[in-house]
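Chemist: sequence and predicted structure are below.
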Amino acid sequence: MRRYWIFSLLLLICLLSLFGCIRMRTIDKLSIVHVFGFDLAEDKQLIGTALYPDYTQSKTFDDVQVLRVKAPASSLFYQKMNKHTKTPVKLSKIRVLVIGKDYAEQGIAATVSRFINTPELGTSIQVAVSEQSAEKTLTAFSKEKSLTLVDMLQHNMKTQNLPEMNLHNFLNHFYGQGLDSYVPMINLDKDDKIMVNGIGIFKDDKFKLQLNEEQTFLFSTLKDSHNEGSLKLNVKEKDRKGLLIVRGFKNRQRWKVVENRQQEQELKLTLHLECSIYQYPNWIDIKKEEDKKLLKKYIKTGVKKKVEGLLATLKENEVDPVGIGNIVRSKEKVWNERSFYERYPTLPIQVEVQIEVIHSGLDV
């Protein structure tokens, strides 16, 4: 028993010694950046905009500070920011990186490389492109006295149209072969409130294409296994017209590389969707079996047409966020990225849609 107490005492002393070695910092003695934005100035220098709470004034986010610095390279932002703050700047709590659209269109390779070389940045953080400058967007957001931009983005990924995204996903697509990177788009509405506005797609390191709300929903069905966004379908039966609204639930995709009669390569996409019907025309009687089949036909036909339209838009703009090149590469022994994307705009893609309608109290 005595040996046990001696051992316990020695262990306690060791633990206390270890705790004494930990560097403790109180948050009111730090400038902890939560959101950071990047823009390109007219003189080609970079503009960095940081949002951080001033805990010396309040222990909540009521006092959000906006810090703007300008430098020839993003690697100099940290040094310049510390010259303007009364407490040391810390980047380890950054949750969102915002890139102004004008800068994104010019090419962001140098800035993206800094993401990798900045160990404080975790790969689970979000990257977004702002339709306005990042400085204008973040300045407006600071007036809301909130730093919850990451919560807004994640909410739209879990319960709305956005596919799952983060820095890890962005870097994989940015540097990977056979696919292009994509990020959420944010915009200021007429009241200068931030809103999510589809996704933006890059070609190499340059912003190339923005998808609207409907296209974003369709894109999510091609990338994720879960999508709770809504899709509107205008339906017509003889001289009757109506609106059909479905809400996504689960998705499954199966890609197959085949050869057509001309011995040319083409792809076949089988898309299985589980969805709920939120609204349908009043001239449809869901108690009738034939009308149930008609509803499924409308959804299947409408989704197929819209998915084909989305794929055509992506090919026309020569961007591949779906990763079709990577899909083909995984099924071929020899694959050349340049030669594949030379024929990508004319690559035939057959789309087959399978629908399963799920609704409480409705068995369709």
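Modeler: Right, received. Where do you want to start? Numbering: from 1, shown residues only.

Chemist: give me the below-cutoff pLDDT ranges for this structure.
Modeler: Along the chain, segments meeting pLDDT under 70 span 1-28, 55-62, 261-263, 359-364.

Chemist: please, where are all the helices along it?
Modeler: Per DSSP state H, the chain carries helices over the ranges 2-21, 77-82, 101-106, 109-116, 134-142, 149-159, 167-175, 213-223, 289-316, 324-330, 337-343.

Chemist: residue 128 is nearest to which of those?
Modeler: helix 149-159 (6.6 Å; Cβ to Cβ). Every C-beta, even on glycine, is put in place using the N, C-alpha and C of the backbone.

Chemist: and that closest one, what does it pack against?
Modeler: strand 96-100, strand 126-130, strand 182-188, strand 194-203 (3 or more Cβ pairs under 8 Å, 6 or more residues apart in numbering; DSSP states H and E).

Chemist: using CSV, lay out those strands together with distance to residue 107 and mean neighbour count.
Modeler: Shown next, in CSV, are the helices and strands packed on helix 149-159 (distance: least, Cβ to Cβ, whole Å; neighbours: other Cβ atoms under 10 Å):
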stretch, distance to residue 107, mean neighbour count
strand 96-100, 11, 25
strand 126-130, 13, 26
strand 182-188, 15, 24
strand 194-203, 9, 21
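
Chemist: let's have those strands in a markdown table, adding distance to residue 355.
Modeler: Putting the helices and strands packed on helix 149-159 into a markdown table (distance: least, Cβ to Cβ, whole Å) gives the following:
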| stretch | distance to residue 355 |
| --- | --- |
| strand 96-100 | 36 |
| strand 126-130 | 32 |
| strand 182-188 | 26 |
| strand 194-203 | 24 |
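
Chemist: distance of the residue nearest to residue 143 when sequence neighbours are not counted from residue 142?
Modeler: Excluding its sequence neighbours, the residue lying closest to residue 143 (Cβ to Cβ, 6 or more residues apart in numbering) is residue 192, at 7.6 Å. Residue 192 sits 11 Å away from residue 142, going by Cβ to Cβ, to the nearest Å.

Chemist: ok, now residue 312?
Modeler: From residue 312 to residue 142 the distance is 41 Å (Cβ to Cβ).

Chemist: what about those two, which has more around it?
Modeler: The neighbour count for residue 312 versus residue 142, taken as other Cβ atoms under 10 Å, is higher for residue 142 (19 against 12).

Chemist: list the contacts of the more buried one.
Modeler: By Cβ atoms under 8 Å, 6 or more residues apart in numbering, the residues touching residue 142 are 51, 64, 65, 66.

Chemist: nearest to residue 123, out of the helices of the chain?
Modeler: helix 167-175 (3.8 Å).

Chemist: between strand 126-130 and the closest one, find me the angle.
Modeler: Following axes from the mean of the first three to the mean of the last three Cα atoms, to 10 degrees, one obtains 60 degrees for the angle between helix 167-175 and strand 126-130.

Chemist: show me how to select, in PyMOL, the buried members of the contacts of residue 142.
Modeler: Command for PyMOL that selects the buried part of the contacts of residue 142, burial taken from 16 or more other Cβ atoms under 10 Å:
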select buried, resi 51+64+66
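
Chemist: mind listing which of the contacts of residue 142 are in strands?
Modeler: Residues of the contacts of residue 142 located in strands (DSSP state E): 51, 64, 65, 66.

Chemist: distance check, the second one against residue 316.
Modeler: In this structure, residue 64 and residue 316 are 42 Å apart, going by Cβ to Cβ.

Chemist: show me what contacts residue 50?
Modeler: 33, 35, 36, 37, 66, 67, 68, 69, 81, 89 are the contacts of residue 50 under Cβ under 8 Å, 6+ apart.

Chemist: distance to residue 220 for these - can I get that in JSON lines?
Modeler: Below are the contacts of residue 50 laid out as JSON lines (distance: Cβ to Cβ, whole Å):
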{"residue": "33", "distance to residue 220": "30"}
{"residue": "35", "distance to residue 220": "24"}
{"residue": "36", "distance to residue 220": "27"}
{"residue": "37", "distance to residue 220": "25"}
{"residue": "66", "distance to residue 220": "33"}
{"residue": "67", "distance to residue 220": "35"}
{"residue": "68", "distance to residue 220": "34"}
{"residue": "69", "distance to residue 220": "36"}
{"residue": "81", "distance to residue 220": "36"}
{"residue": "89", "distance to residue 220": "36"}
